[in-house]
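In: Let's see this in three dimensions:
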Amino acid sequence: MSPQTIHIQLADILKNVKTINYNEISLYLVNQNTINSILELELSVRADNIENGIEKKNHFYDYAKIINPQFPAFKYTLSMKHKKKEIFDPEKVRKALPAEFEIWKNKSRVILERQIKEEDTSISDEHAKLLRANLEKEIDEAQLKIDEVLLNFHSYNVVISTFEDYTYYPALYFVMELNDGKLKPSDTHLRKDVPNILFYHDDRPYSQLRANDRMSRIINDFDRFAGSVYIKEK
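Out: All right, here's what the predicted structure looks like:
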């Protein structure tokens, strides 16, 4: 199955699913039948990859983030949370260093070009040329240092951390009820590049619902109009 075919099949599965758009992410609230269809598609992708010798931790990573495939959530909350990466173990740092440099290099170029092309920045062609030259010089200097460190890794203490890039990302807090009746709260950051899939089911009486839980149910069951109006025919 080609990636395009998989995207088309997933879009078809999700076409009538309730969707919440929040800070550039799309969260899909799916029922039992829909999650089953998604997991069948995920299984096909995994089987094809294994047959072709492709080993991945998450075979469905390029298509969707499946948050809770086994147990449905009956409540959830969306928020913005700080996300940071920290790697201290020397061997893990050594392995991650080349990829970390490539990510930074490519991201820096993309961000700069975006800034240059923004209409309200008024960056002249000459200034843009200087900015590009300065960035390429910084990239070359970083490349030399990374290469030096990798050649003599035992001579350096190296840590990978995004602590100084204090970035906020959309996050989801949710609670599931397990087979034994116990409640399991969880949280996860959400992705902007693919659909985020939440297996959701809540049949509690309205009288048992708190305000936030009640709105979760309403968002799932009602149609939204004019930004803040939710309507469902009786």
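In: Show me which positions of the helix or strand Ile218 falls within end up buried.
Out: Ile218 is part of helix 211-221 when elements are defined by DSSP states H and E. The neighbour-count check on helix 211-221 (16 or more other C-beta atoms under 10 Å) flags 213, 216-217, 219-220 as buried. C-beta coordinates here come from the backbone N, C-alpha and C atoms, glycine included.
In: Distance from that helix to the middle of the chain?
Out: Counting by C-alpha atoms, centre = their mean, to the nearest Å, helix 211-221 is centred 23 Å from the centre of its parent chain.
In: Which other helices and strands does it contact?
Out: strand 18-22, strand 73-82 (3 or more C-beta pairs under 8 Å, 6 or more residues apart in numbering; DSSP states H and E).
In: Buried residues, the first one. List them.
Out: Okay, so that is strand 18-22. Applying 16+ other C-beta under 10 Å to strand 18-22 flags 18, 20 as buried.
In: what does the very next helix or strand once past that strand contact?
Out: Counting by DSSP H and E, the element after strand 18-22 in chain order, helix or strand, is strand 25-30. Contacting residues not belonging to strand 25-30 are listed as 14, 17-21, 38, 78, 170, 172, 190-192, 195-200, 219-220 [C-beta atoms under 8 Å, 6 or more residues apart in numbering].
In: related to what we said a few turns ago, next, format the helices and strands packed on helix 211-221 as a markdown table and append distance to Phe163.
Out: Listed next are those as a markdown table, based on distance: least, C-beta to C-beta, whole Å:
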| stretch | distance to Phe163 |
| --- | --- |
| strand 18-22 | 26 |
| strand 73-82 | 10 |
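In: what does stretch 9-23 contact?
Out: Under C-beta under 8 Å, 6+ apart, the answer for stretch 9-23 is 26-30, 34, 37-38, 41, 63-64, 78, 80, 170, 190, 195, 219-220.
In: ok, of those, which come out buried?
Out: For those, buried by 16+ other C-beta under 10 Å: 26-30, 34, 37-38, 41, 63-64, 78, 170, 190, 195, 219-220.
In: Of the buried residues of helix 211-221, just say which sits nearest to Glu126.
Out: Ile219 (50.9 Å; C-beta to C-beta).
In: Now the closest one: closest residue in space, sequence neighbours ignored.
Out: Excluding its sequence neighbours, the residue lying closest to Ile219 (C-beta to C-beta, 6 or more residues apart in numbering) is Ile20, at 6.2 Å.
In: Bridged to that neighbour, which residues?
Out: As for beta bridges, Ile20 partners with Leu27 under DSSP bridges.
In: Retrieve the pLDDT associated with it.
Out: If you check Ile20, the pLDDT there is 93.
In: Enumerate every residue touching Ile197.
Out: Ile197 neighbours (C-beta under 8 Å, 6+ apart): 28, 30, 35, 38, 64-67.
In: among these, which are in strands?
Out: Filtering the contacts of Ile197 for membership in strands, criterion DSSP state E, returns 28, 30, 65-66.
In: in the chain, which spans are strands?
Out: Using DSSP E, strands in the chain cover 18-22, 25-30, 65-66, 73-82, 86-87, 160-161, 168-177, 183-189, 196-199, 223-225, 229-231.
In: out of the ones you listed, nearest to Thr121?
Out: strand 168-177 (23.2 Å).
In: quick one: the closest one to helix 211-221, angle?
Out: Strand 168-177 runs at 90 degrees relative to helix 211-221, counting by axes from the mean of the first three to the mean of the last three C-alpha atoms, to 10 degrees.
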